[in-house]
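1. coordinates only, sequence not included:
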């Protein structure tokens, strides 16, 4: 606050007269300017000055952080390294390891980030670079010289190893956000053990850390087929899975089907008909999340349009089921003089050409068949029985309108034959 006050005083012209009032802990300034040209304070200059001071403070803080370990004596550093190795067995020091307040360590080291203090290029240049005997001593302790290189080099090397160990079928590089390189995993360079690789990738993707102003690093990541937009990547995975589901699982539907419905509990099986990268993918759960939580499609109308063009309905499976029933009921009613008295065993039939191989294609036209393909095999009789006996589809806000639809189709709520059923409720 006092810095801002000081700047304000500097920027106001000397010809001004000031009265300073202090009341209730607040400071108010009243300025009487002698000329019209100087009656407005130059806010641009004020903001610029504040920005320069802020940047100077940040720069100084960064220098302090990088320089605070330079003066650590070599003998003291070697002593703490020997102690750490005797406890842990190596010098693969976690990046956030804080020396504990223990009698095992010198009190001077208590509370210090050991990794930042030891694996510090400036400290190495000041205390080790020109001393071959010290280099030999650190080698005998297992000092990880690779940790002295820039963090970006270690991240890039870790990403390359990760892609080799966990290859994707499409060649993309996608690191789970929680992935940490395990200690003792010899598949990764020892200098990268403990690296929170998933978090580093998140920083690269969301904040452009390590790559801001460095186009060569972006080229390196693109060469690894780094996934920049995880949401789009996952959305395309869902699209591919739905498309395969339609062709591999739902045999009732053709490419011209108007409705694409995936059971909420459907998980892609480990089956040779499915790509390996989709095995275990909870497609049903993803579809439910898209409908109820707008997963992947929120603020992305083009994605929603893509799914709609595939026959994906955002109404939910229950609503889709009702649309199938009422559509089939309307066709049945039309074929039976506006009466909807459907036998319980009735199933929407396929065209006769699909039942009798001796039927000639030249004598039958699919356009003459009243039942659309996506309804073939629908147990309409059983569904309508459930409407009577269990009030299926007749709950919630849509109940009254659905009852009206059935009434308009001539639905028999109390058929003369068959066991007793519940009466229609208004």
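-> Received it, and whenever you're ready, just let me know what you need. Remember, it's a predicted structure, so these values are computed and weren't measured experimentally. Numbering: from 1, shown residues only.

2. the protein: strands as residue ranges?
-> In the chain, the strands defined using DSSP state E lie at 17-23, 26-32.

3. chain neighbours aside, what residue packs nearest to residue 405?
-> residue 326 (5.7 Å; CB to CB, 6 or more residues apart in numbering). Quick note: C-beta positions are derived from backbone N, CA and C, even for glycine.

4. that neighbour and residue 404: what is the separation?
-> Taking CB to CB, to the nearest Å as the criterion, residue 326 is separated from residue 404 by 11 Å.

5. which of those two has more neighbours?
-> Shown here are residue 326 and residue 404; by other CB atoms under 10 Å, residue 326 has more neighbours (16 against 10).

6. contacting residues for that one?
-> When contacts are counted by CB atoms under 8 Å, 6 or more residues apart in numbering, residue 326 touches 402, 405, 406, 409.

7. so, low pLDDT: which residues of the stretch 101-250 of the chain?
-> 250 (pLDDT under 70).

8. what about the helices in it?
-> 114-118, 121-127, 132-141, 151-165, 197-207, 215-223, 230-248 (DSSP state H, counting those that start in this stretch).

9. from those helices, which stretch is densest packed?
-> helix 114-118 (a mean of 20; mean count of other CB atoms under 10 Å).

10. pLDDT score assigned to residue 263?
-> The score at residue 263 is 83. That number is its pLDDT.

11. what's the local residue count around it?
-> 13.

12. could you check what's spatially nearest to it, not counting adjacent residues?
-> Take residue 263 and drop its neighbours on the chain: the residue closest to it by CB to CB, 6+ apart is residue 284, 5.1 Å away.

13. that neighbour contacts residue 249, correct?
-> No: contact criterion CB atoms under 8 Å: residue 284 and residue 249 do not qualify, at 11.0 Å.

14. what do those two both touch?
-> Residues within reach of residue 284 and of residue 249 at once, by CB under 8 Å, 6+ apart, are residue 266.

15. ok, the residue lying closest to residue 412 once chain neighbours are set aside to residue 383 distance?
-> Once flanking residues are discounted, residue 412 sits nearest to residue 341: 4.6 Å by CB to CB, 6+ apart. Residue 341 sits 14 Å away from residue 383, going by CB to CB.

16. neighbour count: those two, which is higher?
-> Between residue 341 and residue 383, counted using other CB under 10 Å, the more crowded position is residue 383 (21 against 14).

17. need the contact list for residue 243.
-> By CB under 8 Å, 6+ apart, the residues touching residue 243 are residue 310.

18. can you offset everything so residue one is 44?
-> Sounds good: first residue 44 from here, last item residue 286.
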